[in-house]
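# Below are the sequence and a predicted model; questions follow.
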Amino acid sequence: MIPQVPHLLSLLILLPVAGALVVALTRREAATLQKLVGLGVTFATFVISLPLVTGFNDVASYQFEERVAWIPAWGISYHVGIDGLSLWLVILTTFLTPLCLLGSWTQIESRVREFVLFMLLLEAGMIGVFVALDLFLFYVFWEAMLIPMYFLIGIWGHDRRIYAAVKFFLYTFAGSVLMLVAFLVLYANTGSWTFDIPKLVETPVAPALQTWLFLACALAFAIKVPMWPFHTWLPDAHVEAPTAGSVILAGVLLKMGGYGFIRFSVPLFPEATQYFAPLVFGLSIVAVIYTSLVALVQEDMKKLIAYSSVAHMGFVTIGVFIMNMQGVQGSIFQMLSHGIVSAALFLCVGVVYDRMHTREIDAYGGLVHRMPRYAFVFMFFTLASVGLPGLSGFVGEFLVLIGAFKANTWVAFLAATGLILGAAYALWLYRKIVFGQLTKDSLKAILDMNRREIAVFLPLVLITLWMGIYPNSFLDPMAPAVDKLIGDYNAALKLARTAALP
């Protein structure tokens with residue numbers, strides 16, 4: 001039994017910050033020490049996060065709550081807690097971060113101290129986003145985690161890294177400004193002048209005001225997901241980012257948009273959520289089909305996987321706005337699965353990029369003859385990405401499609417076409433990279449995965465199998481919170497219809 005830790009959520013936020021301070025005090029030449037400190041701190045953060053799972057009660061209320069008055073005159077408090085909607089996203093963050101550092105062990109050779117420092121600060125910010133129960137605190141974490149990612153892309157990225165970093169920052173920051181305005185309006189709307197999220201959820205918002213506040217928040221979340229047509233920053237960011245940056249982008253940062261829709265848009269603006277649901281379905285279906293077709297013509301491995309992320313996240317937004325049990329649970333499960341599988345696929349790209357220093361698909365072919373272990377791992381996560389039953393990718397998409405079929409058969413039908421297109425581009429990529437004859441001289445001496453790389457992929461393989469074979473271990477803890485979310489949503493709509501009667 002893992003012992004309980006007091007002030008657990010605060011410890012999860014502060015431990016990476018403390019690790020960053022330690023790394024900042026080391027000599028610039030002590031690169032190995034800095035990597036070891038970063039890996040040790042992130043692994044310790046993951047271990048310390050496990051009591052969130054073992055001590056979690058399958059109830060709808062917030063757990064592991066901490067509340068301290070921060071700026072009392074403005075109604076701002078340090079209020080953190082988790083429920084079934086955020087539990088697994090915190091675990092996903094603490095799970096992926098040490099794997100990012102281990103996977104980048106030989107990739108980052110310059111400014112190692114700064115790289116580890118930014119990775120630790122980024123982890124603290126991401127955890128803070130998922131546990132914040134105060135709008136002001138949430139916004140602080142939401143903006144704070146942009147800065148480390150900006151530098152990770154801008155310093156350790158590839159040829160067009162400055163362009164990609166600035167585009168990433170401007171897109172996400174522009175949406176965040178409107179979200180801040182919406183938060184300030186909500187702050188004034190309660191009458192009690194508070195940023196406390198549980199209190200705000202209990203305070204009705206006028207229907208006309210809901211429309212504008214929903215749009216302001218939805219823009220920030222849509223950019224982060226990213227939904228079509230706000231997705232254009234993502235392929236550039238993925239292609240130019242170092243492997244660790246791509247893993248965190250796909251594994252965690254994109255999930256903040258889906259989480260924002262679930263945590264804020266649905267409970268705070270139920271009538272606007274229902275009103276704009278058809279629009280979200282339309283944009284999501286375009287994302288699923290259009291970006292899958294775009295992925296089919298890519299020549300860069302990272303860019304293909306980046307476009308596939310947009311398509312997979314389209315299932316997330318469909319599931320959220322269906323607002324039935326299967327849809328919302330499938331949406332959260334899809335976020336978790338995509339976080340694991342897409343992270344693994346970007347790490348797979350990183351393995352061959354370390355050896356060949358190119359991401360061009362045509363530069364490879366026949367790797368199975370020299371890299372059988374790599375061929376197996378790449379195939380495993382390719383099949384998980386296309387939704388093979390028994391692996392994690394199947395469960396989330398299947399639940400979303402069941403929920404969509406109950407709500408709107410056309411949405412389910414059009415979304416399902418994404419599964420066919422997804423199999424097409426994923427298997428095409430695998431065939432081009434792995435199968436065929438080993439004819440290129442540059443590949444004839446390439447080495448298979450080493451022990452460090454196997455150690456990175458092994459936990460990802462195991463968790464993907466676990467999620468695919470025993471999904472209830474992930475679905476059951478989130479079920480009460482999802483049920484309450486849907487119940488409160490339907491109750492709010494019923495109350496609004498009653499109030500509108502003459």
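Structure received. Please read all numbers here as calculations on a predicted model, not as lab measurements.
# So, low pLDDT: which residues of the stretch 51-200 of the chain?
190-192 (pLDDT under 70).
# what does stretch 156-174 rub up against?
For stretch 156-174, contacts defined as C-beta atoms under 8 Å, 6 or more residues apart in numbering pick out 108, 110-111, 115, 143, 146, 149-151, 153-155, 220, 223-224, 230, 232-233, 236-237, 239-242, 245. C-betas here are computed from N, CA, C, even on glycine.
# Pull out the buried positions in it.
Across stretch 156-174, burial judged by 16 or more other C-beta atoms under 10 Å covers W156, G157, R161, A164, A165, K167, F168, F169, Y171, T172.
# what's the answer for stretch 25-33, then?
So, applying 16+ other C-beta under 10 Å, buried residues of stretch 25-33: T26, A31, L33.
# Redo those residues as a markdown table? Include pLDDT and distance to G128.
Converted to a markdown table, the buried residues of stretch 25-33 look like this (pLDDT from 0 to 100; distance: C-beta to C-beta, whole Å):
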| residue | pLDDT | distance to G128 |
| --- | --- | --- |
| T26 | 87 | 25 |
| A31 | 82 | 28 |
| L33 | 90 | 27 |
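# Return the member of the residues you listed nearest to D300.
D300 has its nearest neighbour among the buried residues of stretch 25-33 in A31, at 29.3 Å by C-beta to C-beta.
# so what's the closest one up against?
For A31, counting by C-beta under 8 Å, 6+ apart, the contacting residues are E109, V112, R113.
# follow-up on the earlier one: could the buried residues of stretch 156-174 go into a markdown table alongside secondary structure and distance to W410?
Listed next are these as a markdown table, based on DSSP: H, G, I helix; E, B strand; the rest coil; distance: C-beta to C-beta, whole Å:
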| residue | secondary structure | distance to W410 |
| --- | --- | --- |
| W156 | helix | 44 |
| G157 | coil | 41 |
| R161 | helix | 42 |
| A164 | helix | 36 |
| A165 | helix | 40 |
| K167 | helix | 34 |
| F168 | helix | 34 |
| F169 | helix | 38 |
| Y171 | helix | 31 |
| T172 | helix | 32 |
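# that older thread, show me just the buried residues among the contacts of stretch 156-174.
So, by 16+ other C-beta under 10 Å, the buried ones in the contacts of stretch 156-174 are 108, 115, 143, 146, 149-151, 153-155, 220, 223-224, 230, 233, 236-237, 239-242, 245.
# picking up where we left off before, so of the contacts of stretch 156-174, which ones are in strands?
In this view, the contacts of stretch 156-174 have no member that belongs to strands under DSSP state E.
# Cross those residues against helices and list the overlap.
Judged by DSSP state H, helices contain the following of these: 115, 143, 146, 149-151, 153-155, 220, 223-224, 233, 236-237, 239-240, 245.
# Dihedrals phi and psi, V80?
Main-chain torsions, V80, degrees, to the nearest 10: phi -130, psi 160.
# er, H79 actually
Dihedral angles (degrees, to the nearest 10) for H79: phi -120, psi 110.
# is it true that it touches L133?
Yes - with contacts counted by C-beta atoms under 8 Å, H79 reaches L133, the gap being 4.3 Å.
# intersection of neighbour lists for these two?
Listed as contacting both H79 and L133 by C-beta under 8 Å, 6+ apart are E65, D196, I197.
# could you flag which of those residues are buried?
Buried, going by 16+ other C-beta under 10 Å: D196, I197, out of the shared contacts of H79 and L133.
# Save the shared contacts of H79 and L133 as TSV, and put in distance to V288 and secondary structure too.
As requested, the shared contacts of H79 and L133 are exported to TSV (distance: C-beta to C-beta, whole Å; DSSP: H, G, I helix; E, B strand; the rest coil):
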residue	distance to V288	secondary structure
E65	37	strand
D196	36	strand
I197	31	helix
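# Closest one of the shared contacts of H79 and L133 to G128?
Nearest member of the shared contacts of H79 and L133 to G128, counting by C-beta to C-beta, is I197, at 13.7 Å.
# Quick check: closest non-adjacent residue to that closest one.
L133 (4.8 Å; C-beta to C-beta, 6 or more residues apart in numbering).
# Taking helix 233-240 as reference, get the angle to the longest helix that the chain contains.
The single longest helix within the chain, with elements called by DSSP H, is helix 325-356. Interaxial angle of helix 325-356 relative to helix 233-240 (axes from the mean of the first three to the mean of the last three C-alpha atoms, to 10 degrees): 30 degrees.
# Show me which residues of helix 325-356 are buried.
Buried, per 16+ other C-beta under 10 Å, within helix 325-356: 325-353, 355.
# ok so, going back, can I get the contacts of A31 in CSV with neighbour count?
Below are the contacts of A31 laid out as CSV (neighbours: other C-beta atoms under 10 Å):
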residue, neighbour count
E109, 9
V112, 22
R113, 21
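# Please dump these into CSV; it should also carry distance to G319 for every row.
Listed next are the contacts of A31 as CSV, based on distance: C-beta to C-beta, whole Å:
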residue, distance to G319
E109, 42
V112, 40
R113, 41
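# end-to-end on stretch 354-371?
14 Å (C-alpha to C-alpha, to the nearest Å).
# Other residues contacting that stretch?
106-107, 239, 298-304, 349, 352-353, 374-375, 429, 432-440, 442-444, 446-449.
# From those residues, which land in helices?
239, 301-304, 349, 352-353, 374-375, 429, 432-434.
# how about a markdown table for those residues, with pLDDT and distance to P267 added?
Shown next, in a markdown table, are these (pLDDT from 0 to 100; distance: C-beta to C-beta, whole Å):
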| residue | pLDDT | distance to P267 |
| --- | --- | --- |
| V239 | 81 | 36 |
| M301 | 88 | 39 |
| K302 | 86 | 36 |
| K303 | 87 | 36 |
| L304 | 90 | 36 |
| V349 | 89 | 38 |
| V352 | 88 | 44 |
| Y353 | 86 | 42 |
| Y374 | 91 | 45 |
| A375 | 92 | 46 |
| L429 | 91 | 39 |
| K432 | 89 | 45 |
| I433 | 89 | 44 |
| V434 | 88 | 46 |
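# Pull out the buried members of these.
239, 301-304, 349, 352-353, 374-375, 429, 433-434.
# any idea which of those is the one closest to V22?
The closest of these, once distances to V22 are taken by C-beta to C-beta, is Y353, at 30.1 Å.
# So the closest residue to that closest one other than its chain neighbours versus T106, what's the distance?
In this structure, Y353 finds its nearest non-sequential neighbour in R359, 5.9 Å apart by C-beta to C-beta, 6+ apart. Separation of R359 from T106 (C-beta to C-beta, to the nearest Å) stands at 17 Å.
# quick one: which of these two has more around it?
Shown here are R359 and T106; by other C-beta atoms under 10 Å, R359 has more neighbours (20 against 11).
# Is it correct that S10 is in contact with V80?
Yes - taking contacts as C-beta under 8 Å, S10 lies within contact range of V80: 6.8 Å.
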